[in-house]
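In: What follows is a predicted protein model with its sequence.
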Amino acid sequence: MISTLKHIVLCTQQFSNYWSGLGAYSTHLARGLVKSGMKVTVISPGTMVDNCEGINFMSIKPLKWDFTHGNWFSLSFSYAKAIENIDADLIHFTDARESFAYKGDIPAVGTLHDDYFARHKWNPFYYKNDYVDWMQRWLYYSFVTVTERKALRRLTGLTANSNATAETVSKAYDIPLEKIKTIYLGLDLDCVPLDPKAEKKRLHKPILLLVGGNVQRKGLPVILKIMPELLKEFPGMIVQVIGKNQNIGRMKKLADRLGVMDCVEFIGWIPPEKIKTYYRKASVFVMPSLMEGFGLVFLEAMAQGLPVIGGNVGGTAELIKEGENGFLVDPGDVSTLGENIREFLINLELRRRVIENGYSTVRKYPAQKMVDNTIELYSNFSHERG
């Protein structure tokens, strides 16, 4: 069936030199498709700085005035224009909402990486307790909810990064669940064995690490709020935050208000190949998200021998099993977060077991499995065309 499907176009806002899970997904998927014998054209902003042999790369630009995250709205029009000159069997928007402007005849599928906008509440005060930019966020979420719904409903098919994402989007946008196939994301990660000397250093001066873009949604305020108590027990503890976000300034003000600014390092964006250094030196990976589609960074942290703490939400609850390969914290639960961090720093037997189980978890999510499942999805549309 797949033999009739030979040329795939991937439209993605991040590729090769990426800064989030979306970029990691797109890059690994493109490489896997080429390895499987398919012709792949990638349409993306910027340049292809990595060695991606066999991939035809087309560079586009978003509009300067675009206020959407990742410039997805104006990129959707750039994609649509570029596709006009391409003869392909299938278009894959690696962020499904970026299909908004596409109205071509080639079958198109999209990937759902989150359900934040599908969960949108039309009461603006819903966001006030969790976000310092709550009114601005409500306005933006309102816009995306309307446009995203229109884009997703037009696509031939959808893939979701978790069952939770699929179910939420299906219900919110009235899309048949059978139209959405869950394909867990995967990475080719080498697990770094436990090193007693490295572990000793990790526990001597604890480092809490958070890697992510939208730091408010990723739970940074909750981490900052527990720091005053943790510092009493672990003097010298620091929080390292890796990622770029427009609200970093406001997070710095929050840290200053809580009296912990001297213990927080806002590192900014780091190239993917250099982040491993931070994982290896950290003591605990902490990302108690308010909402989360899946969380590839948890796999990256596990591969580097880090115990992880995530939010008990969305696809994260499908990846992390409480007390087995990490801990799950309900959104905003400062007290439990503090208890879990203490456990990973004091209970060394628990720490060792969770780290070992983390290695096993990583091995369940190889990139090739993700690629094979995606090709199977593609084949359905190849059959329809034939």
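Out: Great, that's in hand.
In: and the protein, what are its domains?
Out: The domain map for the chain lists 2-187+366-385, 196-363, with the assignment taken from automatic domain parsing.
In: Check the ones you listed for me: which has the lowest mean pLDDT.
Out: With a mean of 91, domain 2-187+366-385 has the lowest mean pLDDT of the domains of the chain.
In: Tell me the gap between that domain and the middle of its chain.
Out: 12 Å (C-alpha atoms, centre = their mean, to the nearest Å).
In: can you put the domains of the chain in JSON lines and add mean neighbour count?
Out: Every C-beta, even on glycine, is put in place using the N, C-alpha and C of the backbone. Shown next, in JSON lines, are these (neighbours: other C-beta atoms under 10 Å):
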{"stretch": "domain 2-187+366-385", "mean neighbour count": "18"}
{"stretch": "domain 196-363", "mean neighbour count": "19"}
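In: what does the helix or strand residue 378 falls within rub up against?
Out: For residue 378, the host element (DSSP states H and E) is helix 367-385. Residues outside helix 367-385 that contact it (C-beta atoms under 8 Å, 6 or more residues apart in numbering): 1-2, 4-5, 8, 25, 28-29, 31-33, 35-36, 38, 89-90, 92, 107, 109, 156-157, 159, 181, 183-188.
In: what's the next secondary structure element after the longest helix anywhere in the chain?
Out: Scanning the chain for the helix with the most residues, using DSSP state H, yields helix 134-154. Of the helices and strands lying after helix 134-154 in sequence (DSSP H and E), the nearest is strand 157-160.
In: who are the neighbours of that following strand, in terms of helices and strands?
Out: Where contact means 3 or more C-beta pairs under 8 Å, 6 or more residues apart in numbering; DSSP states H and E, strand 157-160 is packed against strand 108-112, helix 163-173, strand 180-182, helix 367-385.
In: Just the CA atoms of the first one, as PDB, please.
Out: Right, strand 108-112. Provided in PDB are the C-alpha atoms of strand 108-112 (Å, rounded to 0.1, in the frame of the first residue of the first chain):
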ATOM      1  CA  ALA A 108      -3.000  16.900   4.200                       C
ATOM      2  CA  VAL A 109      -2.500  15.700   7.700                       C
ATOM      3  CA  GLY A 110      -1.400  17.500  10.900                       C
ATOM      4  CA  THR A 111       0.200  16.600  14.200                       C
ATOM      5  CA  LEU A 112      -1.400  17.800  17.500                       C
END
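In: quick one: it to helix 367-385, angle?
Out: For strand 108-112 against helix 367-385, the angle by axes from the mean of the first three to the mean of the last three C-alpha atoms, to 10 degrees is 150 degrees.
In: I'd like to check the angle between strand 108-112 and helix 163-173, please.
Out: Using the same axes, to 10 degrees: strand 108-112 against helix 163-173 is 120 degrees.
In: Give me the sheet partners of strand 108-112 and which way each runs.
Out: Using DSSP bridges, the strands paired with strand 108-112 are strand 90-93 (parallel), strand 157-160 (parallel).
In: ok, residues contacting the first one?
Out: Yep, that's strand 90-93 we're talking about. Outside strand 90-93, the residues that reach it (C-beta under 8 Å, 6+ apart) are 5, 7-12, 79, 83, 99, 102, 104, 106-111, 155, 378, 381-382.
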